[in-house]
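> Task: produce atomic coordinates for the following.
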Amino acid sequence: MRYLVDTGFELREHEDLDIFLRAAPTRAVLELLASKWTMLVLVALGDGRPMRFNELRRRLEGVTQKMLTQTLRALERDGLLTRTVYPTVPPRVEYRLTALGGGLGKLLTAVTDWSREHVAEMRAARAAFEERAAHQPQGVGTAP
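I've put the predicted structure just below:
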């Protein structure tokens, strides 16, 4: 079966360009970015200042040590941040965004700015939705 868009472009020959295909490498990038901890780490490091592990952990309320460690390793593996170990006792470790991570951090900062700007509207929409749902009759097979 051939997958064609209107232009006749065969997607199977260019899987990496179509995020909707399971095997597309771009899909793996989006999966990494979809993690709330990934987004928050990138925004926290977005000002260019290096941060130590415990600084990040305090900044990201609710993150576990295990989840932060996994997130930092994934970001380092994919070239979005660097991990620098200083030969002190105890060792001092700092995390900083790479140029690649900095570019992405700017995009995510724009998303957080948008979130701040529109959170009241979204809360009002949610309250209105819940109000409507509370007054609608519950039919067979509908969720409460």
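> Measure how far the biggest helix by length in the chain is from the centre of its chain, please.
Identified as the longest helix of the chain according to DSSP state H is helix 99-135. In terms of CA atoms, centre = their mean, to the nearest Å, the gap separating the centre of helix 99-135 from the centre of its chain is 13 Å.
> cool, stretch 88-103 as well?
With CA atoms, centre = their mean as the basis, stretch 88-103 stands 19 Å off its chain's centre.
> ok, now stretch 71-80?
Per CA atoms, centre = their mean, the centroid offset for stretch 71-80 relative to its chain is 12 Å.
> i'd like the first residue to be 235 from this point on
Shifting the count to begin at 235 puts that one at stretch 305-314.
> Pull out the buried positions in that stretch.
Across stretch 305-314, burial judged by 16 or more other CB atoms under 10 Å covers 305-306, 308-309, 312, 314. Every residue, glycine included, has its C-beta placed from N, CA and C.
> Make CSV from those residues and add distance to Glu265 and secondary structure to it.
Below are the buried residues of stretch 305-314 laid out as CSV (distance: CB to CB, whole Å; DSSP: H, G, I helix; E, B strand; the rest coil):
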residue, distance to Glu265, secondary structure
Thr305, 13, helix
Leu306, 17, helix
Ala308, 10, helix
Leu309, 13, helix
Asp312, 11, coil
Leu314, 14, coil
